[in-house]
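Participant: pasted the sequence and its predicted model underneath.
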Amino acid sequence: MSKRVMTVDDSATVRQVLNMTLKGAGYEVLQAVDGVDALAKLSNESVDMLVTDLNMPNMDGIALIKEVRKNPGNRFMPIIMLTTESQPEKKQEGKSAGASGWIVKPFKPEQLLAVVRMVCPV
Amino acid sequence: MSSLIETFKDEALELLQELEAALLELEESPQDLAPIDRVFRALHTLKGSGGLAGFESVAGFCHEAETVFELVRSGERQVDQDLVSLTLSAQDHIKGMILAEFGGEPVGEDLTAELVAAFQSLQPFHSSEVEQLSSSAETQSEQQSTYRIRFRPNPGLFRQGVQPQFLLSELARLGESLVVAQFDAVPALDELDPEECWIYWDVLLTTAEDEDTIRDVFIFVEDDCELIVQKIDEGGQLDQTEDYKRLGEILVERGDLTREDLEKYLKGKKLLGETLVQEGAVNDGKVQSALVEQERIQALRRERKSHDVLESIRVKSDRLDKLINLVGEMVTVQARLSQLANNRVDADLLSVAEEVERLIWDLRDQVLTIRMLPISGTFTRFKRLVRDLGTELEKDVVLITEGGETELDKSVIDQLNDPLVHLVRNSIGHGIESPGVRQAIGKPGKGRITLSAKHSGAHVVLTVVDDGAGLDVEKIRAKAIEKGLINAQAELTDREIYALIFEPGFSTVETVSNVSGRGVGMDVVRRAIDALRGTIEVRSEAGQGTTFSLKLPLTLAIIDGLLIDIASVHYVLPLSAVEECIELSRADAEQSHGRNLVKVRGEIVPYVRLRDEFKIKGQCPEIEQVVIANLEGLRVGFVVDHVVGEHQTVIKNLGRMYQDIEGVSGATILGDGRVALILDLPQLAEKAEDEERRNNR
């Protein structure tokens, strides 16, 4: 069975890039548009990994990571956050919230895959 | 599924609509946080998506606007009409940029540059002057430091999803990096677990970033690795030799070799590197890495040295002065040319005149920047002064300087030294309390004086801030009454009382030469600042300290002026002080019953009739103009016959005979050869105020 990745980003463009890249590499992709949407979907579905943007309406990435980590079943799930170069301080914040790593936007598809494959092999 | 750029286009157009809506809402209620957040998010998302979809230019453009709104979000900048308008134009422009990719009209590069510059000017340390500075290679190499980094992950690193090469490439983004991999810990092949990481890395990074930023790269792995970051070379050190440490020293510093071993092996006759490897004291990889460091730093220093030689030449300052004078003459002649061309209906002549005008303005700007010097030289001298004065007056004071890279015209800097010495001296003498007193009232025993400089439009603002006792309003008041400067009954605001310390006669010592005396007259300071066409302002809070702000023009030679006329004679007002011009009809003037007050959008503003002030005979026009000027926060109107327009004003001295005339700071030559006087607005306002006070007595 293929691994499931949830991608959370309010930008349709970013979602499409994530979707194309991950599907092309054999992952099943579940999409959410913000933190609230992601939590709602996670309550019915289980995923093997989460890739989330930080700056989003309704619920931002940091809050989402904290919420996800509250569920004991998600304690060891890899969570990768997408940051921009202009927010280095977010890395520390994300780490304390429970993120396992980060990718700087804009990224190349192969960079994304290298990280995802490492923490969550197909 | 639609193509990525189609998705981006749809998303972007939606975001732009959202951006516009939020901006319009923001215009209605500039204090509201919700629309500010929406604007920021729209720009942020556009930037991120644009970058991913291959619209780098859109991403770069959005970044500038985003940076400004980040400041707004954090409360460091206010929203005003201009920012909203600018961002609305930016929104149209982004739309144009995107649609251009789908067959729309291409957007003008000039407009892009213009908008980017407008946003940058709203970002701190991004005034165009500073921008130019930081882009020059010389300053960059000055600010860059080189770090030696050893990153040795625990073998289990891979299992946590960390890819060391990404960390290394992120390091590489910070500057120029040289990576040497170390293999000595890698086990033999049959013992090697391929899921373990046994390689470690030495990186030499030359960057303008600080150590914390470098450590931040390793945030997620800091607990699972050994990380050493050491600064080994700093830019900006002049007179530095090209030589760098010797191989042995580097290895000892890195902890790869003990000092005793070094001594031992140095006794050998062969090259140290070879000996060390042969004897097995240090492995080959580490020696290579140290050699790379040695070579790199030597190359950097060589480059920096040749740079210094190439990038600057020494020129006698009087040659520069001559050059400035010549440019001044040219600006004058050009004004005449433009006027002639305008009078003759000759399109060819006009276009040549316009071209010449553009070139001369460029030339003027370039020549003026040649004379610009960073103020850091002056600041450095104060460190010593503060130390010596502190000892002399038995006060414990530390001097902090900020913005030393800010540039000012050499002549301004030269004339600034004395007033600054006065101010710093006063702060130590009268402001900062003795350590005992400070501790008794719960302040840190060490007093602080901060000297800072920053750009603000066509001005540089210098501030001298102390955290001492602050000005004593009652004491100043009592002294002013005693000296007959004010009436005992006079009701003055704190601000007006502070301003009294600059009055002549307030202090007892009045000569400039008495720099080292105590209780130096602050009027001397003000006179010096006035002479520089600057202004000085004081703010103070009892027990918290005092702030002196000096606002100075960037240059003294040429200013932007507003040309006006009274009875067909032209005068120039410094444009930097002018806020707006309004009309004054005879009926308006009569309404105020001779009190010389005019209502400007609900605010009552006093005005000075220049026609009366200069005792010019004849009838004033039916409708006169009032030029509203902002003089140190106070609005004052100046009534003139007509406002002619902006004028590039080359300042000429009036000569010794007329240098003390009140209200006139110089003269200039107009395009038609006539002379126009440059008016000193603060002096005129003060004179009028004095006269009124006398009349009321």
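Facilitator: Received, thanks.
Participant: contacts only, for the residue nearest the centre of chain A.
Facilitator: In chain A, the C-alpha nearest the mean C-alpha coordinate belongs to A:Val51, at 1.1 Å (C-alpha atoms, centre = their mean). A:Val51 makes contact with A:5-8, A:18, A:79-82, A:103, A:116 under the criterion C-beta atoms under 8 Å, 6 or more residues apart in numbering or on different chains. Heads up, the C-betas are built off the backbone N, CA and C, glycines and all.
Participant: what's the farthest-apart pair in those residues?
Facilitator: Largest separation among the contacts of A:Val51 by C-beta to C-beta: A:Met6 and A:Ile103, giving 15.1 Å.
Participant: looking at these two, which is more packed in?
Facilitator: Neighbour totals were compared for A:Met6 and A:Ile103, and A:Met6 leads with 24 against 18 (other C-beta atoms under 10 Å in any protein chain shown).
Participant: continuing past the helix or strand harbouring the more buried one, what's the next helix or strand?
Facilitator: Using DSSP states H and E, A:Met6 falls within strand A:4-8. Counting by DSSP H and E, the element after strand A:4-8 in chain order, helix or strand, is helix A:12-24.
Participant: who does that following helix touch, helix- and strand-wise?
Facilitator: Packed against helix A:12-24 by the contact rule (3 or more C-beta pairs under 8 Å, 6 or more residues apart in numbering or on different chains; DSSP states H and E) you find strand A:4-8, strand A:28-32, helix A:109-119, helix B:4-28, helix B:33-52.
Participant: tell me which of the ones you listed is the most buried.
Facilitator: The highest average neighbour count among those, using mean count of other C-beta atoms under 10 Å in any protein chain shown, belongs to strand A:4-8 at a mean of 25.
Participant: ok, back up a step: worst mean pLDDT among the helices and strands packed on helix A:12-24?
Facilitator: With a mean of 80, helix A:109-119 has the lowest mean pLDDT of the helices and strands packed on helix A:12-24.
Participant: and for that one, what's in contact with it?
Facilitator: In contact with helix A:109-119 (C-beta under 8 Å, 6+ apart) are residues A:5, A:17-18, A:20-22, A:24-25, A:27, A:49, A:51, A:78, A:80, A:100-101, A:103, B:158, B:160-163, B:166.
Participant: swap the cut-off to 6 Å and go again
Facilitator: Here helix A:109-119 makes contact (C-beta atoms under 6 Å, 6 or more residues apart in numbering or on different chains) with A:21, A:25, A:78, A:103, B:161, B:163.
Participant: walk me through the domains of chain B.
Facilitator: Per automatic domain parsing, the structural domains of chain B span B:4-124, B:140-310, B:317-368, B:374-553, B:558-696.
Participant: ends of the fourth one, what's the gap?
Facilitator: Taking C-alpha to C-alpha, to the nearest Å, the first and last residues of domain B:374-553 lie 14 Å apart.
Participant: ok so A:Phe107 is a helix residue?
Facilitator: No. Under DSSP: H, G, I helix; E, B strand; the rest coil, A:Phe107 falls outside any helix and is assigned coil.
Participant: quick check: it vs B:Ser289, distance?
Facilitator: 30 Å (C-beta to C-beta, to the nearest Å).
Participant: got it, and B:Val217?
Facilitator: For B:Val217 relative to B:Ser289 (C-beta to C-beta), the value is 19 Å.
Participant: before we move on, what about B:Glu295?
Facilitator: Using C-beta to C-beta, we find B:Glu295 at a distance of 11 Å from B:Ser289.
Participant: do B:Phe166 as well
Facilitator: Distance from B:Phe166 to B:Ser289, counting by C-beta to C-beta: 21 Å.
Participant: I'd say B:Glu405 and B:Leu373 touch.
Facilitator: No. Between B:Glu405 and B:Leu373 there is no contact under C-beta atoms under 6 Å: 10.6 Å.
Participant: B:Arg38 versus B:Ala21, what's the distance?
Facilitator: 8 Å.
Participant: residue contacts, B:Ser665?
Facilitator: Contacts of B:Ser665 by C-beta under 6 Å, 6+ apart are B:678, B:680.
Participant: give me the element B:Leu573 is part of.
Facilitator: Going by DSSP H and E, B:Leu573 is part of strand B:569-574.
Participant: what about that strand, average pLDDT?
Facilitator: Mean pLDDT, computed over strand B:569-574, is 92.
Participant: who does it touch, helix- and strand-wise?
Facilitator: With contacts taken as 3 or more C-beta pairs under 6 Å, 6 or more residues apart in numbering or on different chains; DSSP states H and E, strand B:569-574 sits against strand B:558-566, strand B:675-679.
Participant: just to revisit the earlier point, when B:Glu295 and B:Ser289 are compared, which one has more neighbours?
Facilitator: Neighbour count, other C-beta under 10 Å: between B:Glu295 and B:Ser289, B:Ser289 has more, with 26 against 13.
Participant: next SSE after the host helix or strand of that one?
Facilitator: Using DSSP H and E, B:Ser289 falls within helix B:284-311. Next along the chain after helix B:284-311, taking DSSP H and E as the criterion, comes helix B:317-343.
Participant: packing partners of the helix or strand following that next one?
Facilitator: Downstream of helix B:317-343, the next assigned helix or strand under DSSP H and E is helix B:347-370. Here helix B:347-370 touches helix B:317-343, going by 3+ C-beta pairs under 6 Å, 6+ apart.
Participant: list the helices and strands the helix it packs on packs on?
Facilitator: Helix B:317-343 packs on helix B:347-370, strand B:642-650, going by 3+ C-beta pairs under 6 Å, 6+ apart.
Participant: burial measure for B:Ala347, as a count.
Facilitator: B:Ala347 has 9 nearby residues by other C-beta under 10 Å.
Participant: how far is the strand holding A:Met6 from where the chain is centred?
Facilitator: For strand A:4-8, the separation from the chain centroid amounts to 6 Å (computed by C-alpha atoms, centre = their mean, to the nearest Å).
Participant: which residues does that strand contact?
Facilitator: Against strand A:4-8 from outside (C-beta under 6 Å, 6+ apart): A:18, A:22, A:27-32, A:38, A:47-52.
Participant: parallel or antiparallel, list what pairs with that strand.
Facilitator: Under the criterion DSSP bridges, strand A:4-8 sits next to strand A:28-32 (parallel), strand A:49-53 (parallel) in its sheet.
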